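Asks: got a predicted structure here, sequence first:
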Amino acid sequence: AQTVTQSQPEMSVQEAETVTLSCTYDTSENNYYLFWYKQPPSRQMILVIRQEAYKQQNATENRFSVNFQKAAKSFSLKISDSQLGDTAMYFCAFMPPLGGAQKLVFGQGTRLTINP
Amino acid sequence: DSGVTQTPKHLITATGQRVTLRCSPRSGDLSVYWYQQSLDQGLQFLIQYYNGEERAKGNILERFSAQQFPDLHSELNLSSLELGDSALYFCASSVAVGWNEQFFGPGTRLTVL
């Protein structure tokens, strides 16, 4: 069974700083998908960024980028020029390859606070 | 707004009761997923339906059941409720086969007293 581990329960940085959230996972699959979801105080789950395991290039979405290390089974999220609106819980998630159960396996989350 | 709707937003009930949570997927999405978010267990996958058929099962209790109707909306039925069932229940949808992004609804917060 796949597992996802987020080792940082809480993080706090100043506005405009760069912050990196860590995520490791365990799987025997070769092709899979990885995601970062954001959950602000409203509780809505919002997709931040995704990475296909077969792609070597790290995904980037504006201020958000990932460092995907397949051999190390590591998938960290970097937020540049952090903003107050980035304050939220962040969940790392794993999805098995298409064709099987397309369930998301989530980590325990990292609570990120951006301070003014 | 993800396009996925869930009703009700909040539900307060007593132990032993039965409730039904409803989800309408995004237009065109054939697959519906149910997740439970609780303090104890975190975010857990419960069950997936694709075009009316059960596709995958996760850590769903026998007291819980779900179905997807011909119009593709889905219902999650929770019976013999216990205090530990208090949680936020999310529905998500996706086009499914060939597409992996899941769009989440706003959730239903269930409180069992």
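Replies: Structure's in. What do you need?
Asks: low-confidence ranges, chain B, go.
Replies: Along chain B, segments meeting pLDDT under 70 span B:96-99.
Asks: in it, which residue sits nearest chain A?
Replies: Residue nearest to chain A within chain B: B:Ala56 (3.3 Å; Cβ to the nearest Cβ). Placement of C-beta: from N, CA and C, glycine included.
Asks: residues contacting that residue?
Replies: By Cβ atoms under 8 Å, 6 or more residues apart in numbering or on different chains, the residues touching B:Ala56 are A:100-103, B:45, B:47-48.
Asks: quick one: the strands in the chain, in order.
Replies: You didn't pick a chain, so chain A it is. A:3-5, A:10-14, A:19-21, A:24-26, A:33-39, A:46-52, A:60-61, A:64-69, A:74-79, A:88-95, A:105-106, A:110-115 (DSSP state E).
Asks: oops, I was thinking of chain B
Replies: B:5-7, B:10-13, B:19-24, B:31-38, B:42-50, B:53-57, B:64-68, B:74-78, B:87-94, B:103-104, B:108-112.
Asks: any chance of the ones you listed in CSV with distance to A:Tyr33 as columns?
Replies: Converted to CSV, the strands of chain B look like this (distance: least, Cβ to Cβ, whole Å):
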stretch, distance to A:Tyr33
strand B:5-7, 24
strand B:10-13, 32
strand B:19-24, 22
strand B:31-38, 14
strand B:42-50, 14
strand B:53-57, 15
strand B:64-68, 23
strand B:74-78, 23
strand B:87-94, 12
strand B:103-104, 15
strand B:108-112, 26
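Asks: about what we covered before: the residue of chain B closest to chain A bridge partners, please.
Replies: Here B:Ala56 sits in beta bridges with B:Gln48, going by DSSP bridges.
Asks: and what of the one 10 residues further on?
Replies: Going by DSSP bridges, B:Ala66 is paired in beta bridges with B:Leu76.
Asks: isn't it up against B:Trp34?
Replies: Yes. Look at B:Ala66 against B:Trp34 with Cβ atoms under 8 Å: they come within range, at 6.0 Å.
Asks: mutual contacts of these two, please.
Replies: Shared contacts of B:Ala66 and B:Trp34, defined by Cβ under 8 Å, 6+ apart, comprise B:46-47, B:60, B:74, B:76.
Asks: for PyMOL, write a command that selects the buried ones of the contacts of B:Ala56.
Replies: A single PyMOL command selects the buried members of these (16 or more other Cβ atoms under 10 Å in any protein chain shown):
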select buried, (chain A and resi 102+103) or (chain B and resi 45+47+48)
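Asks: the contacts of B:Ala56: which two are farthest apart?
Replies: A:Gly100 and B:Ile47 (14.8 Å; Cβ to Cβ).
Asks: let's have the strands of chain A in CSV, adding mean neighbour count, mean pLDDT and distance to B:Phe104.
Replies: Converted to CSV, the strands of chain A look like this (neighbours: other Cβ atoms under 10 Å in any protein chain shown; pLDDT from 0 to 100; distance: least, Cβ to Cβ, whole Å):
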stretch, mean neighbour count, mean pLDDT, distance to B:Phe104
strand A:3-5, 16, 96, 17
strand A:10-14, 12, 97, 23
strand A:19-21, 19, 98, 19
strand A:24-26, 16, 97, 20
strand A:33-39, 23, 96, 8
strand A:46-52, 17, 94, 8
strand A:60-61, 12, 94, 17
strand A:64-69, 18, 97, 18
strand A:74-79, 21, 98, 18
strand A:88-95, 23, 96, 11
strand A:105-106, 21, 95, 12
strand A:110-115, 17, 97, 18
